[in-house]
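> Model the following, please.
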Amino acid sequence: MEIADAVVIGGGHHGLVAASVLADAGWDVCLLEASDVLGGAVRSAELHPGFTADLFSAFYPLTAASPVVRALDLGGVGLCWAHAPAVLAHPARPDGEPAAVLHRDRERTAAGLAEHEPRDGEAWLRLCAQWDAVGDAVLRSVFTALPPVRGPVQLLRRIGTADALRLARFLALPVRRMGEELFAGEHARLLLAGNGGHADIPPDAPGSGVFGWLLAMLGQQHGFPVPVGGAGELAAALARRATAAGAELHTGERVERIEVRGGRAVAVRCAGGRTVRARRAVIADVTAPALYRDLLPADAVPPRLHADLEHFAWDTPVVKVNWALREPIPWRNPGTAGAGTVHLGADARGLVQWAGDIESGTVPATPFLLFGQMTTADASRSPDGTESAWAYTHLPRGVTGDDAAQELAERVDATVEEFAPGFRDRVLHRMVQRPRDLQESDANLVHGAVAGGTAQLHQQLVFRPVPGLGRSETVVDGLYLASASAHPGGGVHGVCGWLAARAALAHQGVLGGLRRRVTSAALELLYRDPPSAR
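Numbers count the residues shown, from 1 in each chain. Here you go, the predicted model:
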């Protein structure tokens with residue numbers, strides 16, 4: 001039997017971050033990844049000769065903003081970033097009207113918005129000034145274990161209680177309402193609404209506003225960078241960083257069981273027969289349902305936690321279409337050609353209608369697309385004069401069949417053609433990734449859900465993945481949840497892996513025994529049977 005201080009289950013980016021953090025602390029780390037390639041949903045491939053496609057995630061504003069990733073200094077292990085001329089564009093309609101465009105230069109963004117509505121240029125600059133005042137404290141509050149302390153204290157000291165209360169209201173707004181309160185014209189509102197569409201929260205629901213605001217401001221501050229050479233280069237850099245720190249990374253090793261003795265995780269067993277004993281910790285970069293239902297013995301999980309998992313909600317299934325194009329995309333709308341990311345297919349009202357279709361179980365007739373022009377962002381992705389591109393959109397929850405996915409993929413092509421007549425004639429190669437394909441490529445993308453569970457408010461903070469502490473610690477001593485199913489959720493930021501690793505280290509520190517006892521007592525209180533069941 002092999003022995004390590006920590007066993008990391010899963011080689012997605014969170015697992016790789018956790019491996020680096022633990023190895024940096026001097027622990028012996030063994031990472032086990034089921035597939036033959038590390039990276040999870042951070043991968044790329046050559047789908048057509050000379051054309052590199054990102055298979056899952058593609059643009060990385062959260063990575064650029066993440067203090068966790070910055071601390072790893074991936075540039076020191078060879079990672080380089082690239083930017084498109086413009087961060088993103090959102091054409092409201094396919095009639096040739098100029099699109100709303102976000103640039104990394106805020107003055108340029110504001111000037112473009114003012115061309116459509118003079119008041120919105122200054123309004124945009126005021127929003128940027130607000131971000132300058134509170135953005136780092138908000139990110140610090142999000143990218144930390146619950147309950148956050150330093151971030152909120154920093155906010156209170158900086159802006160005072162009254163403005164902090166107003167900020168809390170602002171962040172709770174639906175994105176549609178937020179846009180209406182901030183801006184007079186449609187174009188500025190689209191920059192918020194389109195970014196809000198990156199999460200599976202309807203634009204009229206609380207919580208969508210904070211996603212739109214956060215991504216728009218991160219795009220303004222950091223851009224939407226891409227790794228030179230493809231998303232797989234980011235995963236490769238994370239793997240090199242973990243290996244350099246001393247972690248051992250193994251692919252083709254599917255963990256099928258976590259052994260628990262005396263309430264503690266002590267070892268993991270792989271399908272191929274490999275068993276690794278964990279002296280100190282097991283870090284699980286897997287979905288919460290997979291951890292509690294599949295990997296742990298049934299008697300190690302309290303019945304009430306099993307019952308809570310019945311209410312766990314996945315985010316909406318993704319359908320993704322990838323293209324190799326012989327020429328750049330012939331956009332009707334000026335400004336769209338230079339954007340790495342394009343929000344396509346719906347104006348602000350159309351986003352509400354699209355979300356209504358999703359929530360009512362209807363395959364959208366006019367889907368809203370997140371569209372990537374990858375060669376525009378990174379010239380290494382395809383030959384000169386060509387474009388590597390993709391688009392993804394969503395099916396309703398529970399609608400994951402191949403027929404529905406193919407139908408929606410055809411509507412994706414039709415939407416692009418509407419905004420760029422002649423697009424179809426430029427396609428050299430086309431590949432559709434259906435929900436089934438996504439899950440087969442990465443077991444964490446259950447039913448094509450890419451965020452580890454819904455981002456809606458009922459499954460965030462202390463409700464993620466189920467009502468509890470909102471932390472990486474689990475009901476099993478020495479076992480930590482490190483995937484996007486844990487706080488703070490989806491996105492390539494590394495925080496879930498970092499929080500799990502930091503919790504494991506803290507539990508082995510000077511006050512580790514006390515920390516473990518307090519955590520165990522709190523979890524026992526949360527998940528013991530209710531009086532009515534006794």
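
> What residues sit buried inside the helix or strand of the chain with the lowest mean pLDDT?
Across the helices and strands of the chain, mean pLDDT, DSSP states H and E gives its lowest value to helix 512-527, namely a mean of 82. With burial defined by 16 or more other Cβ atoms under 10 Å, the residues of helix 512-527 counted as buried are Arg515, Arg516, Thr519, Leu523, Leu526, Tyr527. Just so you know, the C-beta spots here come from the backbone N, C-alpha and C atoms, and that holds for glycine as well.

> Quick check: buried residues in the lengthiest strand in the chain?
Secondary structure of the chain per DSSP state E: the longest strand is strand 275-284. Residues of strand 275-284 classed as buried by neighbour count (16+ other Cβ under 10 Å): Val276, Ala278, Arg280, Ala281, Val282, Ile283, Ala284.

> Next, format these as a markdown table and append pLDDT and distance to Ala58.
Formatted as a markdown table, those follow (pLDDT from 0 to 100; distance: Cβ to Cβ, whole Å):
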| residue | pLDDT | distance to Ala58 |
| --- | --- | --- |
| Val276 | 98 | 33 |
| Ala278 | 98 | 34 |
| Arg280 | 97 | 36 |
| Ala281 | 98 | 32 |
| Val282 | 98 | 31 |
| Ile283 | 98 | 26 |
| Ala284 | 98 | 26 |
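
> Of these, which is the nearest to Met217?
Ile283 (31.2 Å; Cβ to Cβ).

> How is Val268 assigned, secondary-structure-wise?
The three-state assignment at Val268 reads strand, by DSSP: H, G, I helix; E, B strand; the rest coil.

> what pairs with it across the strands?
Beta-bridge partners of Val268, counted by DSSP bridges, are Ile258, Val276.

> okay, Ala533: pLDDT?
Confidence at Ala533, expressed as pLDDT, is 56.

> now the longest strand of the chain, how far from the centre of its chain.
Here strand 275-284 is found 26 Å from its chain centre; the criterion is Cα atoms, centre = their mean, to the nearest Å.

> Using CSV, list the CA coordinates for that strand.
Listed next in CSV are the C-alpha coordinates belonging to strand 275-284 (Å, rounded to 0.1, in the frame of the first residue of the first chain):
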residue,chain,number,x,y,z
THR,A,275,-4.7,1.9,-2.8
VAL,A,276,-3.2,5.0,-1.2
ARG,A,277,-3.3,5.6,2.5
ALA,A,278,-3.7,9.2,3.6
ARG,A,279,-1.8,10.1,6.8
ARG,A,280,-3.4,13.6,7.1
ALA,A,281,-6.1,14.5,4.6
VAL,A,282,-8.1,13.5,1.5
ILE,A,283,-8.9,16.4,-0.8
ALA,A,284,-11.9,15.7,-3.2
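
> Check which helices and strands it sits against.
Helices and strands touching strand 275-284, by 3 or more Cβ pairs under 8 Å, 6 or more residues apart in numbering; DSSP states H and E, are strand 2-9, helix 13-24, strand 264-270, strand 479-481, helix 495-507.

> if we go to 6 Å?
Secondary-structure packing of strand 275-284 (3 or more Cβ pairs under 6 Å, 6 or more residues apart in numbering; DSSP states H and E): strand 2-9, strand 264-270, strand 479-481.

> so that strand versus helix 495-507, what angle?
110 degrees (axes from the mean of the first three to the mean of the last three Cα atoms, to 10 degrees).

> Which helix or strand lies directly C-terminal to strand 275-284?
Next in sequence after strand 275-284, counting helices and strands by DSSP states H and E, comes helix 288-289.

> quick one: average confidence on the very next helix or strand once past that following helix?
Sequence-wise, the next helix or strand downstream of helix 288-289 (DSSP H and E) is helix 303-309. For helix 303-309, mean pLDDT is 95.

> circling back to that earlier point, now render the buried residues of strand 275-284 as JSON lines, adding distance to Gly112.
Formatted as JSON lines, those follow (distance: Cβ to Cβ, whole Å):
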{"residue": "Val276", "distance to Gly112": "55"}
{"residue": "Ala278", "distance to Gly112": "54"}
{"residue": "Arg280", "distance to Gly112": "53"}
{"residue": "Ala281", "distance to Gly112": "50"}
{"residue": "Val282", "distance to Gly112": "50"}
{"residue": "Ile283", "distance to Gly112": "45"}
{"residue": "Ala284", "distance to Gly112": "45"}
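
> residue ranges with poor pLDDT in the stretch 251-400 of the chain?
Of all residues in the stretch 251-400 of the chain, none has pLDDT under 70.

> now do the stretch 401-534 of the chain
Applying pLDDT under 70 to the stretch 401-534 of the chain flags residues 531-534.

> the helices in it, which residues?
402-419, 435-441, 495-507, 512-527 (DSSP state H, counting those that start in this stretch).

> Between those, which one is closest to Pro289.
Nearest of the helices of the stretch 401-534 of the chain (Cβ to Cβ): helix 435-441, 12.8 Å.

> who does that closest one touch, helix- and strand-wise?
Packing contacts for helix 435-441, counted by 3+ Cβ pairs under 6 Å, 6+ apart, involve no helix or strand.

> circling back to that earlier point, tell me the one of the buried residues of helix 512-527 nearest Pro303?
Tyr527 (8.3 Å).
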